Every structure is written in C-alpha cells, then in structure tokens.
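> Any chance you could fold what I've pasted below:
(one chain, ligands or ions: 1)
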Amino acid sequence: MSVSDDRPSGFDAVPGYLDWAAFGPLSTAARDALVRDADLLSTGRGADIAAVAARAEQAQQGLGALLDAVPDEIPLHPSSTHALQQALAGLGGTVLASAAEFPSVTITLDRAAEAAAGSLVPRWISPRGARVTPDAVAGALDETVTALVVSHVDFRTGYRTDLAALREVLGPDRLLIVDAVQSFGVVDEDWAAADVVVGHGYKWMRAGRGTGFARFTARARERIRPVLSGRIGTSAAGLPTDALPDPAASSQAYAVSAPDPLAASRLAAATSEIRALGVPAVAAALGEAVDRVLDIADRRSIAVSSPRARPERAGIVVLAVADAVRCGEALADAGLRVTVRSGAVRVSPHASTPSETFARLADALDRAAEFTGS
Ligand SMILES: Cc1ncc(COP(=O)(O)O)c(C=O)c1O
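Modelled structure (predicted):
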C-alpha cells in the first residue's frame, strides 16, 4: 500500500511541504478533535469536562498500542524534553551519549549531572559521522556505565540506529533510553529493546505541540529514581493534601501534573489514525517517499550524506550541497519548505507527500544547480 496514492481522508498532503522532521502540520483528525473538545470545555457541564479529561487515558491507550505497552507505563508530558528530564534526573553512574545529539539529550544530561553533584557523570562520545553504532557504544563501555541515551533517528544526519543491536551491546544491566521523536509512528520498530522511550506528537504524528510522552518499563522503574515526581505521580488516591506520599509504584511516578486535555485529545486522535493505517504501511510509504528524494538527488549528482539503506534511515534526507543557504533560499522561492542547517539541506517528506511536491523539488534543484554543486 502506498499512503501517497491511497490516502485516507484526514491524512493531509501539503504541497511543497518537506519539513516533517521539524514540524508536522496538524492532521484533520487532530484538528477536529481539538475543535470538538474546545467546544466541550466551554460548556461548563460536568459531563463535557469529564469527557475531555478522559482524552489523557485515550492517548495513553493509543500510545500503548503503538509501543506494545500498558497505558500505565506511559506518563504524558508537555514535550519529549520534559519526559527525558524525568529519566535522566533519576539516574546514577556513568551515562553515555553522543556529544552531537539533539540538545534535548545533551543539555538535559548535563543539567542532570550538575544537579547530581558527582553521582551521575556524562560520558560524551563522538562517533564517526555522529552515528551511534553498536561498535561506538561498545568502545565506550566499562563497569561504571549504567545507561545510554540515544536518538533512534538523528535529527541532523538522518541515521537510524539499531536498537536491538544496542540492547545486545549494553547487556541486561544497563538502561537503553531512546529519543524516538524522529521515528515514532513512522518506523516499524520493536520498542521492547528500550527501557525508556520518549517522543512527541508534533512532527510525524501530526498532533501539534504539548504532546510529549514517555514509556518506562518495569526495569527502568527499578533503576531510575522518580526524583521529579509531581503531585499526580504519588501513591495517594486523589489530591495529596496535608501529606507527603511516596511516588506512585507505576510509571506514573514520572508524571508531574495533570496533562493538557486538548493536547491529549489531539494525541489520541493522531494515534488512532496511525493505528488505523498501520505503522508498517506508513513506514513503507515513507520509505518510498525517501526513495523518490534520493532518486531526485542522484539524477542531479547531488551529494547525499544521510543513509541510503532502509534499516539505517527513516524520513530524513540530507543534501550535502555546495551552498546550503542559497540552495535553501531557492527552494523556499519555489514554495518548498525544508530545513537548512549545519551547511546542508534537510529534506523530510512524509508518507502522504504528493507527487506534485517531488516534481517541484526536482524542478527547483535544476534551477538551483549553481548552489547544489551538481
Ligand atoms: C531528536 C529530537 N529530540 C527532541 C526534540 C525536541 O522535542 P520537544 O520539543 O518535544 O522537547 C527534537 C526536535 O526537533 C528532536 O529532533
């Protein structure tokens, strides 16, 4: 099945939009859910408010189905960085991460180590091409290492790491903490390899901001102290007033306060939509879309620095052009939206990207030949 050709209603295609790794325009389902629930929240009726409050549980169920996890293991957060704070602040020992990771990893780990005053020490690695391969991790391990934090798909290089192989290298006693922002919902992955998965709904899921989440397995709960546990993450039933109850026994210990129900509503709608399409179908269609971008680049002899093999990539193609800024301007003039960063042009289509957009890209790159270096 190609989602591009056989697009169900609501799986919008935005002509010229090739920037899903930065932001995903809202899907019709997410937008409709938002409007519907905003209306319900304005009535002031108890039943309506309760109906919208229930969206958090629906979002957890939808995420649970995609992660093959129980909803209770999935706290909701305003962003994936908030979710990552919960994981990193409660760790001890040496924690591995690439120095080239997205700042959600680097800054959060650095700040957690600062707060831990010696009991948590980052070990920054700089693997070749910023690819956190099993070999790169194996070379940095010693008995002090307690965890690896890694992006499943790197935001800059587009490299998709092999979670099962990382799990094997780490062994059963170290934690694998995965930032799945650039793959969740569009890569058919066995998330069981990871102890913690964090993500959000505002790129590939098309659910908008405010839709962060995490999944903490039982193993993660044994090793990560819920030091940032908030008022809804306690063992008390209801509001813990005049008492200081322990953190909850479940992964809800890594939650802080009541989630935004309108964000949960969008996330619940987005997860149902992806489940209805099926992640394998979405992943296959995205694979085809990426192939089309690679073909466009190859036909023009434009250098590509992102991985080509399907198991090593998701939705990001990096064009290593001669003048990224001027090339990006030319693409923008042609009505194409991409990201220009680190001297390269990042092109990220979705499963639903229409043929017209690929044709526009090909045409614009022809006209920008003096900047592409082809
Ligand atoms: C790999 C990765 N992690 C985290 C984030 C930031 O996520 P959030 O805004 O939910 O904290 C991004 C945003 O681009 C990203 O690419």
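> Bridged to residue 177, which residues?
Bridge pairing for residue 177 (DSSP bridges) gives the partners residue 149, residue 196.
> quick one: contacts for it?
Applying C-beta atoms under 8 Å, 6 or more residues apart in numbering to residue 177 gives the contacts 84, 87, 88, 147, 148, 149, 150, 194, 195, 196, 198, 220. In short, each C-beta sits where N, CA and C put it, glycine included.
> average pLDDT across stretch 155-166?
Mean per-residue pLDDT for stretch 155-166: 98.
> Please apply the same query to stretch 173-182.
Taken as a whole, stretch 173-182 has an average pLDDT of 98.
> could you point out which element follows the longest helix seen in the chain?
For the chain, the helix reaching the highest residue count under DSSP state H is reported as helix 279-299. Per DSSP states H and E, the first helix or strand lying C-terminal to helix 279-299 is strand 317-319.
> That next one near the ligand anywhere?
No - Strand 317-319 is not in contact with the ligand by C-beta under 6 Å from any ligand atom; minimum separation 13.5 Å.
> tell me the mean pLDDT over that strand?
The model assigns strand 317-319 a mean pLDDT of 98.
> Contacts for the helix or strand following it next, please.
Using DSSP H and E, the helix or strand that follows strand 317-319 towards the C-terminus is helix 324-333. Residues from elsewhere that reach helix 324-333, judged by C-beta under 8 Å, 6+ apart: 319, 321, 338, 340-341, 343-345, 361, 364-365, 367-368, 371-372.
> Go again with 6 Å.
321, 338, 340, 343, 344, 345, 364, 368, 371, 372 (C-beta atoms under 6 Å, 6 or more residues apart in numbering).
> now that helix, how far from the chain's geometric center?
The gap between where helix 324-333 is centred and where its chain is centred comes out at 26 Å by C-alpha atoms, centre = their mean, to the nearest Å.
> In whichever helix or strand comes after it, which residues are buried?
Downstream of helix 324-333, the next assigned helix or strand under DSSP H and E is strand 339-341. Buried residues in strand 339-341, defined by neighbour count with 16 or more other C-beta atoms under 10 Å: 339, 340.
> What helices and strands are in contact with the next helix or strand after strand 339-341?
Remark: after strand 339-341, the chain's next helix or strand is strand 344-347, criterion DSSP H and E. In terms of contacts (3 or more C-beta pairs under 6 Å, 6 or more residues apart in numbering; DSSP states H and E), strand 344-347 is packed against strand 317-319, helix 324-333.
> Okay, now the sheet partners of strand 344-347, with direction.
In the sheet, strand 344-347 lines up against strand 317-319 (antiparallel), strand 339-341 (antiparallel) (DSSP bridges).
> ok, now which ones touch residue 174?
Going by C-beta under 6 Å, 6+ apart, residue 174 touches 145, 146, 147.
> and the first one, bridged to which residues?
Beta-bridge partners recorded for residue 145 (DSSP bridges): residue 94.
> and it, how many neighbours does it have?
Residues lying near residue 145 (other C-beta atoms under 10 Å) number 20.
> where's it relative to residue 139, distance?
Remark: distance between residue 145 and residue 139 (C-beta to C-beta, to the nearest Å) = 11 Å.
> Check the last one too.
In this structure, residue 147 and residue 139 are separated by 16 Å, where distance is defined by C-beta to C-beta.
> cool, and the second one?
Computed with C-beta to C-beta, the distance linking residue 146 and residue 139 is 17 Å.
> So for those two, which residue has more residues nearby?
Applying other C-beta under 10 Å to residue 146 and residue 139 shows that residue 146 carries more neighbours, namely 19 against 11.
> Contacts only, for that one.
The contact partners of residue 146, taken as C-beta under 6 Å, 6+ apart, are 93, 174.
> 8 Å instead?
Taking C-beta under 8 Å, 6+ apart as the test, what residue 146 contacts is 91, 92, 93, 94, 95, 174, 175, 223.
> same deal with residue 199?
Neighbour list for residue 199: 80, 83, 179, 180, 181, 184, 212, 213, 214 [criterion: C-beta under 8 Å, 6+ apart].
> which residues of the stretch 101-250 of the chain fall in strands?
Along the stretch 101-250 of the chain, counting by DSSP state E, counting those that start in this stretch, strands occupy 120-125, 145-151, 175-179, 196-199, 212-216.
> hey, which of these is tucked in deepest?
strand 196-199 (a mean of 30; mean count of other C-beta atoms under 10 Å).
> That one near the ligand anywhere?
No - applying C-beta under 6 Å from any ligand atom, one finds strand 196-199 separated from the ligand by no less than 7.9 Å.
> chain center to that strand, what's the gap?
Taking C-alpha atoms, centre = their mean, one finds strand 196-199 lying 8 Å from the centre of the chain it belongs to.
> State the number of residues packed around the closest residue to residue 368 other than its chain neighbours.
Of all residues not flanking residue 368 in the chain, residue 330 sits nearest, at 3.7 Å (C-beta to C-beta, 6 or more residues apart in numbering). Neighbourhood size, residue 330 [other C-beta under 10 Å]: 21.
> Distance of residue 330 relative to residue 302?
Distance check for residue 330 against residue 302: by C-beta to C-beta, it reads 13 Å.
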